[in-house]
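after the sequence you'll find the predicted model.
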Amino acid sequence: MAASEPYDLVIQYGRVVTASDTVEADVAVTGGKIAAIGHGLQGREYLDARGLLVLPGGVDPHVHLQYPQGPNRVVSADDWLTGTVAAACGGTTTVIDFVEARPGQTWMQAFEARRDQAAAQAVIDFSFHMSFNRADAASLAEVKTVLEAGMSSFKIYMAYDGIRLTDAEMLLALEAVAEHDALAIVHAENHAVIMRLVERQLAAGHVEPRWHPHTRPAAGEAEATERALALAEIAGASMHIVHVTAERGLEAIRRSRARGLPVTGEVCTQHLLLTDALYDKEGFEPAKVCMAPPLRKPSDLAAMWAGLRDGGLDFVVTDHCPFTYAQKSGRRRSPEFRKLPGGTVQTDPEAPWSEGLPSFNQIPGGGPGIETRMPLVYHHGVNAGRLSLSDFVNLTSTAAARLYRLYPRKGTIAPGADADLVLFDPDREVTITADALHQNVDYTPYEAMTVKGWPRTVLSRGEVIVREEAFVGTIGRGSYLSRP
């Protein structure tokens, strides 16, 4: 670029924060990319970031949008439009979701359908993990093709009938992952333990949602984590443990790392901030926090924060898989409303698909969080003195971009990177309410929680998609990110 030629856009007077540095500087954008960082940069347009932090857009590599769950195919309440609008308004500009092939469908057929579904609606960039939900010869033969399509990570479930792998199947999968230098990401819970404890609780007449955590103990998570890591060591595979919740599971990761094994781990926002005391609420209310793994003890939460500080855990995700209260209570398969940028609309009427409240093991599992992750981690991390500003950026953006082969295109502020940028107001106080959020769900587990620090303006590839907290982007502008 000639010295006299102005940049497309210059963000002026902000405090630029990366995973390694904090500096007062301008950021110039041209052609959707960061072109320069400096002072006195000239642009055709300007954004004033005075008093604001300029952050790389958040990367949330664990979300479930428009996801049909379980035998009843209950579809998570956020589709690719409402979910990515909510993500953008919360400062997240990249998400990684999952491809899960159904019986009779090849992995690549499932990927193409999922990619097309997302591309029609997503307002931010997206990628996928392939679910390794079967280990037959045909699927094993598809691993190389999946990698060539840009998915370098494979999800393995150790729980849930229909998608979990046995130990023998898991070893086959890990060997294939290792052969192709890919990454296994693992949901580590002991399926046999869960099934036995569910049977015991139901036999005792314990059907209410408060009994959910009694069937998924921390000891079962820890055992499954140890077993998964042992299988990875045998296969020579790199492994990432998703949604770590228990101190004992974290210690298993630490021990593997101490032996020099390529192991990483993540924690969800809810497992940093919410305890199992929420299951003691009256009536059906605890259904809102029925998720797997469940919420844990305060000591486990403290251990998760310690893991983020000392590197035992690598980043913070949401596992965003929301269902409305009507869906949780078994009255609907699909959400009964849709929160769109122009306002909430009712969807087509749908007849009830069950009578009476479901038992705890039939409640769709998961909860909302895609929009609140960055403000919550900032408030309870940076403001509380647990994290530095660079720690915050690393844990909400950079580390995930690195692990999932998106860096340096995503997850940093540097010349050549995509201009995914968040103008974040560290002094903005917000009391979180479900009504004010863009997530397509009628509750948030963080209701009435006040945070200090909130995104004001968000750019995706140089385009302003959130301006002064209002979504102004275009439907379907998100792009699929290949991660070769």
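It's in. Residues are numbered from 1 along each chain as shown.

from residue 397, how far off is the closest residue to residue 420 other than its chain neighbours?
What sits nearest to residue 420 in space, not counting adjacent residues and going by Cβ to Cβ, 6 or more residues apart in numbering, is residue 57, at 3.2 Å. C-beta: built from backbone N, CA, C; applies to glycine. Distance from residue 57 to residue 397, counting by Cβ to Cβ, to the nearest Å: 7 Å.

which residues do those two both contact?
Common neighbours of residue 57 and residue 397 are listed as residue 410 (criterion: Cβ atoms under 8 Å, 6 or more residues apart in numbering).

residue 345: helix or strand, and which one exactly?
Secondary structure from DSSP states H and E places residue 345 in strand 343-346.

what's in contact with that strand?
By Cβ under 8 Å, 6+ apart, the list of residues contacting strand 343-346 from outside reads 336, 337, 338.

out of those, which are buried?
336, 337, 338 (16 or more other Cβ atoms under 10 Å).

surely the second one meets residue 435?
No - using Cβ atoms under 8 Å, residue 337 is not in contact with residue 435, being 11.9 Å away.

what's the span of stretch 238-255, first residue to last?
Taking Cα to Cα, to the nearest Å as the measure, stretch 238-255 stretches 15 Å from start to finish.

could you number the chain from 50 rather than 1 from now on?
All set: I'll call the first residue 50, so the last point we hit is now stretch 287-304.

on that earlier part again, tabulate the buried ones among the contacts of strand 392-395 (a markdown table), appending distance to residue 351.
Formatted as a markdown table, those follow (distance: Cβ to Cβ, whole Å):
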| residue | distance to residue 351 |
| --- | --- |
| 385 | 38 |
| 386 | 38 |
| 387 | 39 |
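
helices and strands around the helix or strand hosting residue 504, which ones?
For residue 504, the element it lies in under DSSP H and E is strand 499-509. Packing contacts for strand 499-509, counted by 3 or more Cβ pairs under 8 Å, 6 or more residues apart in numbering; DSSP states H and E, involve helix 129-138, strand 141-148, helix 422-426, strand 470-480, strand 512-516.

so what's residue 468 up against?
Contacts here follow Cβ under 8 Å, 6+ apart; on that basis residue 468 touches 58, 76, 78, 81, 82, 83, 508, 510, 511.

return the distance of the fourth one relative to residue 163.
With distances defined as Cβ to Cβ, the gap from residue 81 to residue 163 amounts to 25 Å.

go on, residue 275?
Counting by Cβ to Cβ - residue 275 and residue 163 are separated by 32 Å.

more neighbours, the two?
More neighbours surround residue 163 than the other of residue 275 and residue 163, with 23 against 18 (other Cβ atoms under 10 Å).

does the closest residue in space to the more buried one that isn't next to it in sequence have beta-bridge partners, and which?
Leaving out its chain neighbours, the residue that sits closest to residue 163 by Cβ to Cβ, 6+ apart is residue 148, at 4.8 Å. Here residue 148 shows beta-bridge partners residue 179, assigned using DSSP bridges.

how many residues are close by residue 148?
By the measure other Cβ under 10 Å, the count of residues near residue 148 is 22.

please give me every residue in contact with it.
For residue 148, counting by Cβ under 8 Å, 6+ apart, the contacting residues are 156, 159, 160, 163, 177, 178, 179, 180, 200.

so residue 88 makes contact with residue 72?
No - because the distance of 10.1 Å does not satisfy Cβ under 8 Å, residue 88 is recorded as not touching residue 72.

who's more crowded, these two?
residue 72 (13 against 9).

got phi/psi on the more buried one?
Note on residue 72: its backbone torsions stand at phi -150, psi 140 [degrees, to the nearest 10].

excluding its backbone neighbours, what's nearest it?
In space, residue 72 comes closest to residue 65 once its chain neighbours are excluded; the distance is 5.3 Å by Cβ to Cβ, 6+ apart.

check which helix or strand covers residue 457.
Residue 457 belongs to no helix or strand, assigned by DSSP H and E.

any idea how far the helix or strand of the chain with the lowest mean pLDDT is from the chain center?
The element with the least model confidence among the helices and strands of the chain, by mean pLDDT, DSSP states H and E, is strand 392-395, at a mean of 84. Its chain's C-alpha centre lies 25 Å from the corresponding centre of strand 392-395 when counted by Cα atoms, centre = their mean, to the nearest Å.

all strands for the stretch 200-349 of the chain, in order.
Using DSSP state E, counting those that start in this stretch, the strands of the stretch 200-349 of the chain run over residues 202-206, 232-236, 287-290, 312-317.

longest helix of this protein?
Ranked by residue count and defined by DSSP state H, the top helix of the chain is helix 267-284.

now for that helix, which elements pack on it?
Other helices and strands packing on helix 267-284, by 3+ Cβ pairs under 8 Å, 6+ apart, are helix 216-228, helix 240-252, strand 287-290, helix 296-307.

got the buried residues for it?
For helix 267-284, the neighbour count (16+ other Cβ under 10 Å) marks 267, 269-278, 280-282, 284 as buried.

repeat that for stretch 473-493.
When burial is assessed from 16+ other Cβ under 10 Å, stretch 473-493 yields the following buried residues: 473-475, 479, 481, 486-493.

tell me the contacts of residue 508?
Counting by Cβ under 8 Å, 6+ apart, residue 508 has contacts 78, 106, 142, 468, 469, 470, 471, 514.

and the last one, what pLDDT?
At residue 514, the pLDDT value in this model is 98.
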